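J.: coordinates only, sequence not included:
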């Protein structure tokens, strides 16, 4: 069974870069046709898709966050990483990593066949 675990600092200062890592076990991030997403949920709001990296290393980002987002991977550690630059308090949220079925990009719904990390709280504050 695939398991995902987010890690990173829980507090980031405004204007700095938020960096989170998702460590995957029970499956390889290079396995054909799987897409590995980053998603967040601000307090009192719904889920927001941030972006995805796929099995071949290609990345796709939400248009609203694209200018500040970078997703990369370390295949030797079976990890993928989110970097969000120039953060503001509006970036405060619980951040999740997730994977769906082959060829599927998990965005804002949870469904059978999806795997999600437990989420990690990130607060942007001085």
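T.: Nice, thanks for sending it over. These figures come from a predicted structure and were not determined experimentally.
J.: any weak-confidence spans in this structure?
T.: For the chain, applying pLDDT under 70 flags no range at all.
J.: In the protein, which residue is most central in space?
T.: In the chain, the residue lying closest to the centroid (CA atoms, centre = their mean) is residue 38, at 2.1 Å.
J.: Might one say that that one is in contact with residue 47?
T.: No: contact criterion CB atoms under 8 Å: residue 38 and residue 47 do not qualify, at 11.1 Å. Glycine gets a C-beta too; all of them are placed from N, C-alpha and C.
J.: any shared contact partners between these two?
T.: Contact criterion CB atoms under 8 Å, 6 or more residues apart in numbering; residues shared by residue 38 and residue 47: residue 96.
J.: picking up where we left off before, element containing the residue nearest to the centre of the chain?
T.: Element membership for residue 38 (DSSP states H and E) is strand 35-41.
J.: what sits opposite residue 60 in the beta ladder?
T.: Taking DSSP bridges as the rule, residue 60 bridges to residue 52.
J.: Can you report how many residues lie near the nearest residue to residue 88 once chain neighbours are set aside?
T.: Among residues not flanking residue 88 along the chain, residue 14 sits closest, at 5.7 Å (CB to CB, 6 or more residues apart in numbering). Residues contacting residue 14 under the criterion other CB atoms under 10 Å number 13.
J.: Helix, strand or coil: sort out residue 14 for me.
T.: Counting by DSSP: H, G, I helix; E, B strand; the rest coil, the backbone at residue 14 sits in coil.
J.: circling back to that earlier point, for the strand holding residue 38, name the packing helices and strands.
T.: If you count contacts as 3 or more CB pairs under 8 Å, 6 or more residues apart in numbering; DSSP states H and E, strand 35-41 packs onto strand 18-25, strand 48-54, strand 93-99.
J.: Between strand 93-99 and the longest one, find me the angle.
T.: Here strand 18-25 points in a direction 30 degrees away from that of strand 93-99 (axes from the mean of the first three to the mean of the last three CA atoms, to 10 degrees).
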